[in-house]
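# This is a predicted model, with the sequence first.
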Amino acid sequence: MTDRRTRIRRTIFEREAELVAVDEALDRLTDPGPDTGGALLALSGPAGLGKTTLLAEVRRRALARDCTLLAARGGEQEQGQPFHVARQLIQPQLAGRSEAALRETLGSWYAIVGPALGLCAPEGAPPDPQGLRDGLDWVLTHLTVQRAPVVLVLDDAHWADAESLGWLAAFAPRAEHLPLLLVVAYRPDELPAHAESFRTLPGRAGQRPLPLAPLSAAAVTTLVRETVGEHADDAFCQEAWTVTTGNPFEAVELTAKVRDKGLPPVEASAPLLRDLVAAQRGSGLVARLQSLGPSTVRFAWACSVLGTAIPQQIAARVAGLGTEEAADATLRLRDARILSAAPEDAAAGLEFVHPLIATAIYRGIPDALRVALHGKTASAVVDAGLGSSAAARHLLETQPENDPWVVRTLREAAAENLRSGAPEAARRQLARALQEPPDFDERAAVLYELGCASLLTEPANTVNHLRAALAEPFDDPALRQGIVIRLAQVLSHSDLLSEASELLAREIPHTQDARARLRLQSEQFMWDAFNAAEPDSPARSRRLTKLAEHLTGRDLTERYVIGLRAWDACLRGEPVEVVLHHADRVLEEHFSWAHEDRGFEVPVLTAMVHMYADRPGRAEELFEAGTAEFERQGWYGAHLSFAHSLRGYIRYRRGRLVEAEELARTGLRLAERVGRRTPVHWYAIAILVTTLIARGRTDEAWELAHEHDYGEPFPAAVVFPDSQTVHAELLLARGDRKAAAAELEAVDRRLTPRGIQNPSWCPWQLHLALAVAPEDPARARALAADALRRARAFGAPSGIGQALRVSADVAAPQDRLPLLHEAVTLLAASPAGYELALALTALGTELQDRAVLTRALLTSRECGADALTATLTHRLLTLGGELPCGSSWEDEPTPEELNAAAAVVGGVPSQAGPELSAVCRKLGTDPAGLADALAAFARGAR
């Protein structure tokens, strides 16, 4: 038997099933073939059951197969240090590279993930948590592909920091689709809720997790006899199993002590085993440590405070020992099997033999002394050049002492963590700084920073912190302005727009500096623009108009005000030339969507006015540039959801419905990460519902609305398209005219007092006209006529064309044709493809003109309006005479045959059914021929 096998046999017992699972997973990972792929293996068990030993064997076997190994370990003392595990995994793979090489390797993710991984200093605005996770996903995926096959081993996952553990748990399902074996070990009773995927993820690697069981009496007997000799009698071995309860760590430690003490392994010695085991736990371990001398005790305490990968020099300073004393203490602790043997890598730091030992020693330190050691360790860490973030976790364990250095260090750590994408860690550190407490004139700044750190995770507490900051007496106008602006932002994003406006209104008169006052005015104008319940919108519009006319756009604040003027003019239906004039003033210089000190709302509004003004190409250019900025900043949450959803809305307005649906679904997927009934969620649902209605999938839209609780109460913030109007449109599409009319009349009561009267922005009058037309045609015509007047005043051809089409729909028969002819003319010159298809359909139906209907059919198909395409096919096939494919029906088509033909022409032949062959036989063509002939006929008709 080889030495290696002897060593493995002495440390791994009764783990054959687990090792078979490991070998099978490694086989799939490394052997070429159709089943090659990664997997997740989760090993679970209470402390001491051999998880670490088993993972060491996994690492050995992975390296023996030439796998790239990524390894990390959670630490009880390091749980609050963000990205501690992620750095262990990734840093060694990128260590030693220059900044240029790192930028080349990480590409656009460099500034997003670099600070979190400790590879570079933060620069610019911090990424949002989702963007950072996406970046870490990319880095791990890139490493896996470049260095395949890869084995990632995470020990003590239950102690991993929340940022790393949440990321890895979300990434775990991808392992099976990459050349990556992810092996995780944890204590099941201590695994956090956000890592549940490690318990439940199904896959190809067999049963997961693999629960580790205690050793049997036979296994402990074998261990005893291999360690102390084959002469160990049965009673002695049985007692060893009894007192250790089959715990592998305790059994190994017990047999080592028996051997070291020369204890005879006979029945007479069996009663002594219980005391030997007790010396490995709690008070027994503490008593054994005390016997090693005071300097060794202090050194062990210092090591337990530092955690894992313990720097010997720092431990020596914390313990108050010289270099030689520390070296002697290290040897004594190793001889006592408290610290592990010296590692091959001298820079790796000291480690405890087992986390159970570290925990027992740490908990054995007197409380007051433990607190003092953490404070001393924080100073030592900073002096060693490890930075404020490394010190902060120790300061969190100390008692408040009114120490300015503690406040300063915690603020520095919080700023670093916030900019690195760890706001929760920053929040904890600032909350502790507030307890210290800070100096009288520093308290407002700490509260402000705490509010900024809590913004994403605790918006309600953010409001409290910022209000408390404003209540502090301090004399810093810039700080006060920052607090007011941030508080208004949080209130607005919490659907409390009126409170945000009132806050700014109270502050503006007391702001002495003219530029600062203008900044606050711009913020108030913006949040008022989004407030659906604004009490006096016309007065605000007048003030905004007067102010904007005197501004030149010399700085960002002035351009924000001008951008808001462009948006207000659009909502009010001022001539499109006026709207675009102000928008062009804003865009004379680069207009960033990701300015660190501004929201992205005004850049979005400036882009959207181009869409309403029939300049969708320009709107898309601006959105593409803004989306790229979001991605560069790592803003992959609400920002990117807004961008995708609104780009989908632009495609909808252009009649590119398939693309619109895809973008809206992407926006919704991202919005789900943020949360339901948030502003970004309302936008995504409204745009997707609108698109599905246009595609004729009303039932699907209704199910989507029901699934996402899309209905009353509608948000207090303005959403475009207007949420209540979209809901009414959905009711109208389902045939519920009465309910739709009630919703639209509520929209009237909400928007009309605000002066929002542009049907290009919200066509509520047109929908209401259609809803009331059967019962009250005169009212319907009046509504449509008023909407047409407003559309002409705005001047966008798409809006006028839509109003003309609906006016024709509710007009007397003799009045319809002129309206429809003008609608088609205007819409043909506009980007509104879907509206053109509707107008052509109405005109062709009114004229019973095959050429117009076929042109409508082709336009509808190009838009992806499936239901309209099917309707047009029905009409074309039932008009009689020669068909576009040059054939005629031999006899009257059946409804089923019409449906089959419509399905083919609509681009969904799978829905044609068995009647398709009858259709093609009657027409003397095939499905492709029927669709192509209709399209060719339509091109000729044009």
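Yep, it's here.

# What lies in contact with stretch 660-676?
Applying Cβ atoms under 8 Å, 6 or more residues apart in numbering, the external contacts of stretch 660-676 come out as 130, 636-638, 640-649, 651-652, 678, 680-681, 683-685, 687-688, 691-692, 695, 708-709, 864. Heads up, the C-betas are built off the backbone N, CA and C, glycines and all.

# actually stretch 498-515, not the one I typed
Counting by Cβ under 8 Å, 6+ apart, the neighbours of stretch 498-515 from elsewhere in the structure are 477, 480-481, 484, 487-489, 491-492, 517, 520-521, 523-524, 527-528, 531, 533-534, 555, 557, 716.

# quick one on the thing from earlier: mind checking which of the contacts of stretch 660-676 land in helices?
Secondary structure from DSSP state H places 130, 638, 640-649, 651-652, 680-681, 683-685, 687-688, 691-692 of the contacts of stretch 660-676 in helices.

# Next, report how far stretch 553-569 is displaced from the centre of its chain.
Chain-centre distance of stretch 553-569: 31 Å, with Cα atoms, centre = their mean, to the nearest Å.

# May I see the buried residues of that stretch?
Across stretch 553-569, burial judged by 16 or more other Cβ atoms under 10 Å covers 553, 556-569.

# Repeat that for stretch 257-267.
257-258, 263-265.

# Throw the residues you listed into CSV and include pLDDT and distance to Phe623, thanks.
Formatted as CSV, the entries for the buried residues of stretch 257-267 read as follows, by pLDDT from 0 to 100; distance: Cβ to Cβ, whole Å:
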residue, pLDDT, distance to Phe623
Lys257, 86, 70
Val258, 89, 73
Leu263, 90, 77
Pro264, 90, 82
Pro265, 89, 78
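
# Which members of these define the maximum pairwise distance?
Largest separation among the buried residues of stretch 257-267 by Cβ to Cβ: Lys257 and Pro264, giving 13.5 Å.

# Would you point out which residue is most central in the protein?
Gln130 (3.2 Å; Cα atoms, centre = their mean).

# Which among the contacts of stretch 660-676 count as buried?
For the contacts of stretch 660-676, a burial check counting by 16+ other Cβ under 10 Å picks out 130, 636-638, 640-649, 651-652, 678, 680-681, 683-685, 687-688, 691-692, 695, 708, 864.

# these two touch, right, Glu558 and Arg519?
No - using Cβ atoms under 8 Å, Glu558 is not in contact with Arg519; the gap is 9.9 Å.

# The nearest residue to Pro721 once chain neighbours are set aside: what's it in contact with?
In space, Pro721 comes closest to Ala686 once its chain neighbours are excluded; the distance is 5.2 Å by Cβ to Cβ, 6 or more residues apart in numbering. Residues counted as contacts of Ala686 (Cβ under 8 Å, 6+ apart) are 710, 719-723, 726.

# Filter those down to the ones in helices?
The subset of the contacts of Ala686 located in helices under the criterion DSSP H comprises 723, 726.

# between the contacts of Ala686, which has the most around it?
Counting neighbours by other Cβ atoms under 10 Å, Val726 comes out on top of those with 27 neighbours.

# where exactly do the strands run in the stretch 101-250 of the chain?
Read by DSSP state E, counting those that start in this stretch, the stretch 101-250 of the chain holds these strands, from start to end of the chain: 150-155, 180-186, 210-211.

# got any ranges where this structure has weak pLDDT?
For the chain, the stretches flagged by pLDDT under 70 are 1-11, 200-208, 282, 344-347, 880-942.

# one more time with 50
Within the chain, the stretches falling below the threshold (pLDDT under 50) are 1-9, 202-207, 881-892, 908, 937-942.

# quick one, which residue of it lies the farthest from its center?
Here the farthest residue from the centre of the chain, with distances given as Cα atoms, centre = their mean, is Ala268 at 63.9 Å.

# In this structure Trp682 contacts Val719, no?
Yes - Trp682 is in contact with Val719 according to Cβ under 8 Å; the separation is 4.9 Å.

# intersection of neighbour lists for the two?
Taking Cβ under 8 Å, 6+ apart as the contact rule, Trp682 and Val719 touch no residue in common.

# CA atoms only: put stretch 759-767 into PDB for me.
What follows is stretch 759-767 as a C-alpha-only set of coordinates in PDB (Å, rounded to 0.1, in the frame of the first residue of the first chain):
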ATOM      1  CA  PRO A 759     -53.500  62.400 -27.800                       C
ATOM      2  CA  SER A 760     -50.100  61.300 -29.200                       C
ATOM      3  CA  TRP A 761     -49.000  60.900 -25.600                       C
ATOM      4  CA  CYS A 762     -52.300  59.400 -24.200                       C
ATOM      5  CA  PRO A 763     -55.100  58.600 -26.600                       C
ATOM      6  CA  TRP A 764     -57.700  58.200 -23.900                       C
ATOM      7  CA  GLN A 765     -60.300  60.200 -25.800                       C
ATOM      8  CA  LEU A 766     -60.000  57.900 -28.800                       C
ATOM      9  CA  HIS A 767     -60.400  54.700 -26.700                       C
END
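
# now that stretch, how far from the chain's geometric center?
Remark: stretch 759-767 is offset 34 Å from the chain centroid, using Cα atoms, centre = their mean.

# Can I take it that Leu40 is in a helix?
No - the assignment for Leu40, made by DSSP: H, G, I helix; E, B strand; the rest coil, is strand rather than a helix.

# Could you report the neighbour count for Leu820?
27.

# how about the nearest residue to it, chain neighbours excluded?
In space, Leu820 comes closest to Leu843 once its chain neighbours are excluded; the distance is 4.2 Å by Cβ to Cβ, 6+ apart.

# so the one you found makes contact with Val852?
Yes - with contact defined as Cβ under 8 Å, Leu843 counts as touching Val852 (5.5 Å).

# ok now do the nearest residue to Arg737 once chain neighbours are set aside, which residues does it touch?
Residue nearest to Arg737 in three dimensions, not counting chain neighbours: Ala771, with 4.6 Å by Cβ to Cβ, 6+ apart. Going by Cβ under 8 Å, 6+ apart, Ala771 touches 728, 732, 737-738, 740-741, 744.

# any chance of these in TSV, with distance to Val277 and secondary structure too?
Converted to TSV, these look like this (distance: Cβ to Cβ, whole Å; DSSP: H, G, I helix; E, B strand; the rest coil):
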residue	distance to Val277	secondary structure
Ala728	74	helix
Leu732	77	helix
Arg737	81	helix
Lys738	79	helix
Ala740	77	helix
Ala741	80	helix
Leu744	78	helix
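
# what about Asn464, distance to Leu491?
Remark: distance between Asn464 and Leu491 (Cβ to Cβ, to the nearest Å) = 12 Å.

# now Thr141
From Thr141 to Leu491 the distance is 39 Å (Cβ to Cβ).

# Comparing those two, which shows the higher neighbour count?
In terms of neighbours (other Cβ under 10 Å), Leu491 is the more surrounded of Thr141 and Leu491; the figures are 24 against 15.

# Next up, the contacts around that one.
Applying Cβ under 8 Å, 6+ apart, we find Leu491 in contact with 463, 497, 499-500, 503.

# Let's see that with 10 Å instead.
Contact criterion Cβ atoms under 10 Å, 6 or more residues apart in numbering gives 459, 462-463, 466-467, 497-504, 527 as the residues in contact with Leu491.

# Name only those of those that count as buried.
Buried by 16+ other Cβ under 10 Å: 462-463, 466, 497-501, 503-504, 527, out of those.
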